[in-house]
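# Next one to model:
(one chain, ligands or ions: 1)
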Amino acid sequence: MRRPVVAGNWKMNGTQAEAAALVGGIEQGLAGVRHAELLVCPPFVLIPVVAEWLGGSRIAWGGQNLSAHKSGAYTGEVSGAMLRDFGCSHVIVGHSERRALYGEGDEVVAEKFRAAQNVGLVPILCVGETLAEREAGETEAVIARQLDAVVHLAGVAAMDSAIIAYEPVWAIGTGKTATPAQAQAVHAFIRQRLAQLSATVAERLRILYGGSVKAANAQELFGQPDIDGGLIGGASLDAGEFLAICRAAG
Ligand code: 13P
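Numbering: from 1, shown residues only. A predicted model of the protein is given here:
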C-alpha cells in the first residue's frame, strides 16, 4: 500500500501573518486526517515562519524550487543545502511554471532533481503536457521525455526516494480539472514506463495529481488506482479547503 501524500504549493502568495494563520488553521484541523503524509511549500522567505509553526507537527515543509548548483556566484538563487538548513524535507522541481516562464528544460530539471537528492531532499518532480500537446496526441511522448531525462541522469533507483506529480498544464489554475479517467491513464503510463526499468520502484512510487484539485473533486481523483495524492495550488491557500482535500486522501 502506498501512503498518500498531499502537498500544498503556495506559489508566490502570502505574508508572514497570512502564512502563520494558514498553517495554524491547518494544524487545528489535523485530527480528521488519518494517515496521509502532508506538506506545504511556501515561497522561500516564508519558510522560517512556517518552520517555526510546524516544528514538531506532522506537517512537513519544502521549497518550490532550488538551484542546480551547490553554492557560489548565482545571484538570486537558493541551494538545496539552504533549504535543508531551514528544515525542508522536500522540494518541487520542474513545475510547469518554472519550465514555461523561466526556461527550465528537461536537462536543468534533471540537474535540480539530482541536486535535491544530493543533500537529502525528496524531489517532487512535476511532469505534464500543454493543451496543444494533448490535442496533438503527444501527451505520452511529452511525459516520457520529461521522465526519461531525469532517469537518464539520476537512474531509476533514485525514483525510490522521489515523488512524481502529474500536472497537466491546461488544468493548472484554470478550474479545468482532468477527469479521473484522464488522470489515471497518464499515471498508469508513468508507472508502466518506470516498471520497464524496475517493477519494485514503480510499484512503490507515489504519483500525485495536480491541476485544479479542490475538496469537491479530490475524492474521485484520489480513488483512482494510480493516483496517490495531490499537489494542490490555489486550494492550498485556504485551510478548510486544504484540510478537506487531505481528508479525501485518507
Ligand atoms: P492549482 O491547484 O491552482 O490548479 O495549481 C496546481 C499546481 O500547479 C500545483 O503545483
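
# alpha carbons only for contacts and neighbour counts from here, please
Fine.

# And the helices in the chain?
Read by DSSP state H, the chain holds these helices, from start to end of the chain: 16-28, 47-54, 80-85, 96-101, 106-118, 131-135, 139-154, 180-195, 199-204, 215-222, 239-249.

# buried set for the first one?
Burial within helix 16-28, assessed by neighbour count using 16 or more other Cα atoms under 10 Å, is assigned to 19, 20, 21, 22, 23, 25, 26, 27.

# tell me what that helix is packed against?
Packed against helix 16-28, as judged by 3 or more Cα pairs under 8 Å, 6 or more residues apart in numbering; DSSP states H and E, are the following elements: helix 47-54, helix 239-249.

# Okay, angle between it and helix 239-249 too, please.
Using axes from the mean of the first three to the mean of the last three Cα atoms, to 10 degrees, the direction of helix 16-28 lies 40 degrees away from that of helix 239-249.

# Contacts for helix 16-28, please.
46, 49, 50, 53, 54, 57, 237, 238, 239, 240, 242, 243 (Cα atoms under 8 Å, 6 or more residues apart in numbering).

# Out of these, which end up buried?
For these, a neighbour count by 16+ other Cα under 10 Å gives the buried set as 46, 49, 50, 53, 54, 237, 239, 240, 242, 243.

# Would you tell me which one of the residues you listed comes nearest to the ligand?
Set against the ligand, the nearest of the buried ones among the contacts of helix 16-28 by Cα to the nearest ligand atom is residue 237 (9.3 Å).

# so the closest one touches residue 10, yeah?
Yes - with the criterion set as Cα atoms under 8 Å, residue 237 and residue 10 qualify as a contacting pair; they are 6.4 Å apart.

# quick one on the thing from earlier: could you dump the contacts of helix 16-28 to CSV with pLDDT and distance to the ligand?
Compiled in CSV, the contacts of helix 16-28 are given as follows (pLDDT from 0 to 100; distance: Cα to the nearest ligand atom, whole Å):
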residue, pLDDT, distance to the ligand
46, 98, 17
49, 98, 21
50, 98, 18
53, 96, 22
54, 97, 21
57, 95, 23
237, 98, 9
238, 98, 12
239, 98, 14
240, 98, 15
242, 98, 10
243, 98, 14
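
# For stretch 180-188, the averaged confidence score.
When the per-residue pLDDT values of stretch 180-188 are averaged, the result is 98.

# How about that stretch and the ligand, any contact?
No - legend: contact between stretch 180-188 and the ligand by Cα under 6 Å from any ligand atom is lacking; minimum distance shown is 13.6 Å.

# Which among the helices of the chain is found nearest to residue 171?
Of all those, helix 131-135 sits nearest to residue 171, with 8.8 Å by Cα to Cα.

# hmm, who's touching that closest one?
139, 142, 168, 169, 170.

# pretty sure the fourth one contacts residue 99?
It stands for residue 169. No - contact criterion Cα under 8 Å: residue 169 and residue 99 do not qualify, at 10.6 Å.

# was I right about residue 51 contacting residue 87?
Yes - between residue 51 and residue 87 there is a contact under Cα under 8 Å: 6.8 Å.

# Can you check which residues contact both of these two?
Residues within reach of residue 51 and of residue 87 at once, by Cα under 8 Å, 6+ apart, are residue 61.
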